[in-house]
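Participant: With the sequence up front, the predicted model follows.
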Amino acid sequence: MTCSKRRVFLHTAAKASLPGLGISALKTTATSLAGLSTALMLRSAQAQAERYPIHPITMVVPFPPGGVADTVGRPMAEAMGRMLGQPIVIENKAGAGGALGMAHVARAKPDGYTLLMALVSISTIPVADEVLGRPASFSLQQLTPIARITADPTVLAVRADAPYKTYAEFERYVKAHQGKLNYGSSGNYGTMHVPMEMLKLARELKITHLPYKGAGPAVLGLLGGEIDLVATGPASILSHVKTGKIRVLAHWGKDALQSMPDVPSLEQLGVPIQFSQWSGIFVPTGTPSTVIEQLRQVAKQAAIDAKVQGTITKAGSPIQYLDAPEFAQFWANDAKLLAEVVRRIGKVD
């Protein structure tokens, strides 16, 4: 029965059963019943949220397969889905340096059935939109953090047959051939673009930027000789380092890398810049608190799951978990720092 027909029925029934009532009393009765109906609907919605999840969940990875977000997202999705009792399906929604997939989640219904596995570019894209004078893809306020999973320093990777074997040799080569080398990234103002521009600004290096649709394609471009170097997360290139196809010259971190302990940091080499390519899970802002709490708990359990730990660590990205409150503070500080960097980089084509 439709809502309008139900009101007519209730009104008629009230008149028939209570002939002594006046119009005012009938209106009061109808209003009370309508309020009761609304309350029941809200209670039903709340009960449905409490039963979350009742069907499969989608985790959007805003990059192609093969990059850090995909490498971290797949084992986390499998473990979290196992714990929730519903599968979490990975959807690679690549484009615009991650902006396409992030904007999709920012606009999604806030019901807990659309998650985002994002990288640090979630902080740089809104500022890039501002710098370029284009409509905002999304705002940081549209997304709520659930958990940080990894936080790897970016590494400077070249082909093993490159003429430079150390960072010092690399810098000398670049300065002797300004503008001759090129590097690939996952897109303008993304996690592979920003650290390289930081290095170029700090050392007055001229290296041409060639954006790809993700870290995976950029690494393939490096292996295929289309580009000369990449700045990427260890997980994207570790397997190629082990097979002797790629050499890592330095990293943007502070401490030694667990997966590559012999690689020096840029800071150790006299270049005082740092950049962390972290990964984290987000939901659309407005997602019910009960759902957020469930996701926080399963993310925390998944991060210590033996299978997840083994898969992600083997790929070269040790778990560096932060729960929602700590992650939110970390994200706020990191976003502020990166906004200044992006504005320094300025407008790029």
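Facilitator: Sure, I can see it.
Participant: any chance you could map the strands in this structure?
Facilitator: For the chain, the strands defined by DSSP state E cover 57-61, 88-92, 114-119, 143-153, 155-159, 182-185, 208-211, 229-232, 246-251, 276-284, 319-323.
Participant: Nearest to Arg134, out of these?
Facilitator: strand 208-211 (15.8 Å; Cβ to Cβ). C-beta coordinates here come from the backbone N, C-alpha and C atoms, glycine included.
Participant: what packs against the closest one?
Facilitator: strand 182-185, helix 193-203 (3 or more Cβ pairs under 8 Å, 6 or more residues apart in numbering; DSSP states H and E).
Participant: Now do the buried residues in the last one.
Facilitator: Looking back up the chat, that one is helix 193-203. His193, Val194, Pro195, Met196, Glu197, Met198, Leu199, Lys200 (16 or more other Cβ atoms under 10 Å).
Participant: quick one: the fourth one from Leu115, how far?
Facilitator: Going from Met196 to Leu115 by Cβ to Cβ, to the nearest Å gives 29 Å.
Participant: Same check on the third one?
Facilitator: Between Pro195 and Leu115 the distance, using Cβ to Cβ, works out to 26 Å.
Participant: so where do the helices sit in this protein?
Facilitator: Assigned by DSSP state H, the chain shows helices spanning 3-17, 23-50, 68-84, 99-107, 121-132, 167-176, 193-203, 215-223, 234-242, 289-303, 306-315, 324-345.
Participant: With adjacent residues omitted, what lies nearest to Cys223?
Facilitator: Not Cys; residue 223 is Leu. Lys245 (6.1 Å; Cβ to Cβ, 6 or more residues apart in numbering).
Participant: scratch that, Ala335 is what I was asking about
Facilitator: Here the residue nearest Ala335, using Cβ to Cβ, 6+ apart, is Ser123, at 3.8 Å.
Participant: wait, what's in contact with that neighbour?
Facilitator: For Ser123, the contact set (Cβ atoms under 8 Å, 6 or more residues apart in numbering) comprises Leu140, Trp331, Asp334, Ala335, Leu338, Ala339.
Participant: If we use 10 Å, what do you get?
Facilitator: Listed by Cβ atoms under 10 Å, 6 or more residues apart in numbering, the contact set of Ser123 reads 140, 189, 191, 194, 278, 331-332, 334-339, 341-342.
Participant: Repeat that for Tyr189.
Facilitator: Per Cβ under 10 Å, 6+ apart, neighbours of Tyr189: 96-99, 121, 123-129, 131-132, 197, 211, 338, 341-342, 345, 348.
Participant: Show me how to select, in PyMOL, the buried members of these.
Facilitator: For the buried members of those, the matching PyMOL selection, counting by 16+ other Cβ under 10 Å, is:
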select buried, resi 96+97+98+99+121+123+124+125+126+127+128+129+131+197+211+338+341+342+345
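Participant: Quick check: Asp334 touching Ser121?
Facilitator: No: counting by Cβ atoms under 10 Å, Ser121 is not a contact partner of Asp334; they are 11.4 Å apart.
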